[in-house]
Structures are given as structure tokens and as C-alpha cells.
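Colleague: Okay, structure incoming, though there's no sequence with it:
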């Protein structure tokens, strides 16, 4: 697809639009003799896994994946990738930064154990996307829902859509506490867990 049309109205990304945007980006990068592997989290991963239908305005990258399998965080995207993302955004009526760096602190503070083993891969020509597993998304969404509590926003809705088991929720809560061990955050976590059916969360997390 040629990167030439500019739309006046910014489009949101459902799963078909997201896949089209990623495929377009992959084509642009291939024609420019560029190649990248990235790791997606958040709404992008949920859409690609078919867990939600709610569209998103942008897609969060956790970082770049190296050939070794290591994931590295970035302060900014490489300039050639930034230009390609912007060009695709202009062509498809998306924001210039529809693909951007999201929760980089997750890498600094530690991902759930085994995160890399649960990634799924999809290639769009020379642009390879690795997207987070359902358990890891449960961890991230539980953390975000607690961080935003008592607001019952999209993070809580996404957490419910993932349909985690009680044990997965408790494991996710224990991981979240490695990022914030404060008593106040524990209270927020407990409230969210009760909201999604773990009535004895205060006892189980002791």
C-alpha cells in the first residue's frame, strides 16, 4: 500500500485496523531496507489475541527484541522507525505516534517470570511483532487497575475480559507487589481483587 493519502479524521484501531497498520508499516520498512522486532503490551496485545474488541488510539511497545531474545527498553524509538510510523499514521489517518513506547518501567522493575517464553510472534514482512501472553497481560492490567482504583476504567474491563483464574490473579498480585510494596497499594490491589471475585484477597496475600 502506498503511503500517500492523508485523512482528516483520526482513526482508532480495532483488530482489523491494527493488523492493516502493522502490515503497512512492515511494507514501508521492507522497501526502506529496514527491519525491527518489537514487543507489544497493553491494548495491542489484547486485540491481537482477540480478547477485546474495544478499539485503541495507539499501541504500546515494551521495547525492542534482539536476536538473542533479550528485550531492551528505549528512551525513544530509532529515528528511521519513528519516521515510518509517522508516515503510516498520515496515510491511514492515525496519530503520528500511533505506535509508541509505553510502560518502559516494567523492564526496569522486572517482568513476570517467564515473560519471554509466553510471547507470540507475527511477522509483517521485515517488521516482527511479539505480543504478550494472557497471564502477563493479567499482571499488567491488575497493576494498572489497582493504580487507577477506585476508577473502574478500561483496565478493569480488560482484566475481566482476560478471565483469569483465582490463582492467576493472586500470582499477578504478588508480582505487582514487587513493583510497589507499600501498604496503600496492597489495599488497592485487595479492592480490585474483590471486585473481580477474590473475596479473601486480604488473607491470601498475607
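Modeller: Everything's here; your move. From a predicted model like this one, the values you see are computed outputs, not experimental measurements.
Colleague: how does the chain divide into domains?
Modeller: As given by automatic domain parsing, the domain ranges for the chain are 15-132, 135-204.
Colleague: could you redo those as JSON lines and give each row mean pLDDT and mean neighbour count?
Modeller: Just so you know, the C-beta spots here come from the backbone N, C-alpha and C atoms, and that holds for glycine as well. Formatted as JSON lines, the domains of the chain follow (pLDDT from 0 to 100; neighbours: other CB atoms under 10 Å):
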{"stretch": "domain 15-132", "mean pLDDT": "92", "mean neighbour count": "17"}
{"stretch": "domain 135-204", "mean pLDDT": "95", "mean neighbour count": "18"}
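Colleague: OK, contacts around the closest residue to residue 50 other than its chain neighbours?
Modeller: Leaving out its chain neighbours, the residue that sits closest to residue 50 by CB to CB, 6 or more residues apart in numbering is residue 15, at 6.9 Å. By CB atoms under 8 Å, 6 or more residues apart in numbering, the residues touching residue 15 are 47, 48, 50, 53.
Colleague: Which of those residues fall in helices?
Modeller: Counting by DSSP state H, the contacts of residue 15 place 47, 48 in helices.
Colleague: of all the contacts of residue 15, which comes closest to residue 170?
Modeller: Residue 170 has its nearest neighbour among the contacts of residue 15 in residue 50, at 25.4 Å by CB to CB.
Colleague: what ranges do the strands span in this structure?
Modeller: Using DSSP state E, the strands found in the chain span residues 36-41, 59-65, 71-72, 99-101, 120-124, 127-131.
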